[in-house]
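Trainee: From the sequence below, what's the structure:
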Amino acid sequence: MNYKPYAISWNTTYRCNLRCNHCYLDTNALTRQSANELSTQEGFRLIDQMAELNPNLLLILTGGEPLLRKDIYELTCYASQKGMMIVLGTNGNLINDDNAKRLKESGVTGIGISLDSIVPEKHDKFRGFSGAWDDTINGIEACRRQGVEFQIQTTVTRENFNEIPRIIEFSYDLGAKVFNLFFLVCTGKGQELTDITPHQYDQALHQLYETQKKYQGKMLVGAKCAPHYRRIVYEHDNTSPLIRAYSGGCPAGTHYCRITPEGNVTPCPYMPNVSGNVREKSFVEIWKDTADFQTLRYANLNGRCGICEFRQICKGCRARALALTGNQMGEDSWCNYIPGKYDNKTIQLKTSETFGTEEEFTMNWNTQAKGILKQIPSFSRGMIIKNVERFAAENNYGEITLEVMKAAREEMMKNKKTAFPKNEIENIEKQHDKSNSYSQQNDEIPWSDEARKRVEHAPDFVRHGIFKLMQKKARLHGYKEITSKFLSEIRDESMQLASKRIKNIGFDELRMEAWDKAKDKLKSAHKKEVIEEIKAFLGDRTARNEGIITKFQAYLKSANVTVQKENQTLPVWAEDARQRLEKAPIFVRGKARKSIEDFAARNGVTEITCELIDQYMKNIPAFVKNKSK
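Mentor: Down below sits the predicted model:
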């Protein structure tokens, strides 16, 4: 069997701005930079070695807080150019519009953001920092504004156990593409926490299965560090796409591993047994020859896991077995399943129906279809190839095109054979088009010396934009080289367009007065007209943008609300409370102001303070619950 990495987590730094109760990293290292932290050049070399094994793997850059590494953009860009899919694992507190945009431009595919409650105080307590919840939500809003896809990651504990369905609903309302529920493995500072019981573990997984059906085709809902979920899904529906897993179940050491800030390699983040250091050995050598990894791949499981019918699609959590028994091949005591229900016959999937299926083409795929395929994570690519080609053969298609891929996906959706959200291929197509417009260095259309010198004379603040635009225009016009003549053609084309627009507002030539008139025209535009223009502009985006328009309309309406109601004076806002309100996203600020003022009025309060806002926020879970009904 070919054991190659499909996903790698790299803890790029120990530094962190929060003090989370469950962190698996060294408690004493959280406030300082490790003197042994891999340098930028060592990071590049590590990425090169990863690419030797799988250039298309999913690379998860986390920490600590990865945004505290100044070279994080260089690392993401370098890995992206190798062909890797990059996900940044962050608490979201440091994300703003500038770095969200920069992360997107440097090749980050998505951002995983931790959110452990919809009650700010509970989240802040878990994260060890007051105000963390507000900063996380602001980071999510920045991702949305910059078009960066994000997923929400929640660690289940006794404190938020009963809150999980509402957190999932809240995540969907925020616009998350994926929701992952993490099950705590008691290592690091997590050793001091009391985990949920095995019964609650099982209960949470059954509840997660029922909840994910509500979001099927709209948002992926999954479990992490919980291989037993596949057994539970199988018992509900043995044809569900959610039971697909890497061959052998838990991927630790078989298709996945972790790298620490100083370069130590372990089978997963929750397993402290070091298999080697990338400064002393090549990552390729560690991956292929390490004894710990070989044991995980070939040794037999012990205890109940060794005789369980689901050992091929589950395997149990190897980290939890190591933490509780001292043996990474021991039984996972957090699973309460008793083997024998299925006559002790091993349950396994067809190889072609699992993640990690090798890529094998038996039909012709056109360039666009192959381009889309490259945007799909490598661990599911082989499986998708087989499914699409099977669909094409059954329907007598001679070539795989984008339209065939879409049709195959729709067919799989009808038969519940895929867990991809409804518009996944369309979203991938858009991302593919965008990536073409911002090409990587290896794919750039070459420039003549004369053309490059010409652009280098442009002002600094527009130079980068010109280089990007010319690459896009050259592809659009079919040019193989960007020359000075081509630059002149694009300049003339732009001037003709500008002249046409100037004539449309009544001017014969380009003058400053035309600019002033255009500004005045925009100023005098009626709000309704502005809304219609926004709708037209956003029309080619996904249906979720309708929610943005609705919220924007609500904001415009609330902006004109008078400060007095009939026979009632609204409460006065204390300065610190007003500043706190201003931190809220603009499209919910008006509604939040009104709700808080109503709350104050009902309670006979004449001044709104931060303490009053805290009291109001305690009512949010009930509000969200009622709203879902």
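Trainee: Please, where are all the helices along the stretch 1-150 of the chain?
Mentor: For the stretch 1-150 of the chain, the helices defined by DSSP state H, counting those that start in this stretch occupy 40-53, 72-82, 97-105, 120-127, 132-145.
Trainee: Next, count neighbours for Lys213.
Mentor: By the criterion of other CB atoms under 10 Å, Lys213 has 12 neighbours. All C-beta atoms are positioned from the backbone trio N, CA, C, and that covers glycine.
Trainee: So for the helix or strand encompassing it, what gets flagged as buried?
Mentor: Assessed by DSSP states H and E, Lys213 sits inside helix 198-214. Buried positions in helix 198-214, judged by neighbour count with 16 or more other CB atoms under 10 Å: Gln200, Tyr201, Asp202, Ala204, Leu205, Gln207, Leu208, Tyr209, Thr211, Gln212.
Trainee: Leaving out sequence neighbours, find the closest residue to the last one.
Mentor: Going back to what we said before, that points to Gln212. Leaving out its chain neighbours, the residue that sits closest to Gln212 by CB to CB, 6 or more residues apart in numbering is Val221, at 3.7 Å.
Trainee: need the contact list for Tyr78.
Mentor: Gly43, Phe44, Ile47 (CB atoms under 8 Å, 6 or more residues apart in numbering).
Trainee: quick revisit: just name the closest of the buried residues of helix 198-214 to Phe361, please.
Mentor: Ranked by distance to Phe361 (CB to CB), those are led by Gln212 at 31.7 Å.
Trainee: pretty sure that closest one contacts Leu242?
Mentor: Yes. At 7.3 Å, Gln212 and Leu242 qualify as touching, with contact defined as CB atoms under 8 Å.
Trainee: Now for those two: what residues contact both?
Mentor: Both Gln212 and Leu242 are in contact with Gly222, where contact means CB under 8 Å, 6+ apart.
Trainee: returning to what we had before: find out how far the helix holding Lys213 is from the centre of the chain, if you would.
Mentor: 22 Å (CA atoms, centre = their mean, to the nearest Å).
Trainee: Same check on stretch 608-619?
Mentor: Distance of stretch 608-619 from its chain centroid, counting by CA atoms, centre = their mean, is 31 Å.
Trainee: picking up where we left off before, neighbours of the residue nearest to Gln212, just the number please.
Mentor: Val221: 23 surrounding residues under other CB under 10 Å.
Trainee: and what of the one 10 residues further on?
Mentor: The number of residues packed near Arg231 is 22, by other CB under 10 Å.
Trainee: Same question for Asp614.
Mentor: Neighbours of Asp614 under the rule other CB under 10 Å: 12.
Trainee: and if you look at the one 3 residues further on?
Mentor: Under the neighbour criterion other CB under 10 Å, Met617 is assigned a count of 16.
Trainee: Please work out how many residues are found near Val274.
Mentor: A count of neighbours around Val274, defined by other CB under 10 Å, yields 15.
Trainee: wait, Asp98
Mentor: Counted with other CB under 10 Å, residues neighbouring Asp98 total 10.
Trainee: same question, His477
Mentor: 11.
Trainee: That one and Ala458: what is the separation?
Mentor: 20 Å (CB to CB, to the nearest Å).
Trainee: picking that back up, same for the helix holding Lys213, what does it pack against?
Mentor: helix 164-174, strand 178-183, strand 220-224, helix 228-236 (3 or more CB pairs under 8 Å, 6 or more residues apart in numbering; DSSP states H and E).
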